[in-house]
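**Q** One predicted model, sequence on top.
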Amino acid sequence: MITRRRVLGSSAALAALAGRPAWSAVPPDDARPLTAEERASHALNRLAFGPRPADAAAIQAQGPKRWLADFIATQLAPERR
């Protein structure tokens with residue numbers, strides 16, 4: 001039977017082989033910052049049901065902070081739309 005203890009022990013052993021702890025939040029050495037398009041896509045995937053073609057363009061046009069403020073305002077008061 002697979003127990004939580006066995007799973008955690010196995011993941012810790014694999015992480016030790018990889019040279020970093022299993023709970024490490026340190027990004028890998030090859031990590032790079034996201035581009036503006038990738039950030040927009042990530043935000044749309046997290047906040048909505050994924051990007052629509054016009055959404056990414058709206059984020060690029062308005063800027064991410066203004067778009068996010070408008071998005072949240074619309075979600076909280078859809079009748080204002």
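**A** Great, that's in hand. Residues are numbered from 1 along each chain as shown.

**Q** Scan the helices and strands of the chain for the one with the lowest mean pLDDT.
**A** Lowest by mean pLDDT, DSSP states H and E among the helices and strands of the chain is helix 4-18, with a mean of 66.

**Q** Buried residues of stretch 45-65, list them for me.
**A** Neighbour-count burial for stretch 45-65 flags 51, 55-56, 58-59 (criterion: 16 or more other C-beta atoms under 10 Å). Every residue, glycine included, has its C-beta placed from N, CA and C.

**Q** Pick out the most distant pair among the residues you listed.
**A** Pro51 and Ala58 (10.2 Å; C-beta to C-beta).

**Q** buried sites along whichever helix or strand comes after the least confident helix or strand of the chain?
**A** Remark: after helix 4-18, the chain's next helix or strand is helix 36-47, criterion DSSP states H and E. The neighbour-count check on helix 36-47 (16+ other C-beta under 10 Å) flags 40-41, 43-44 as buried.

**Q** How about stretch 69-81?
**A** Neighbour-count burial for stretch 69-81 flags Phe71 (criterion: 16+ other C-beta under 10 Å).

**Q** low-confidence ranges in this protein?
**A** 1, 7-8, 10-29, 81 (pLDDT under 70).
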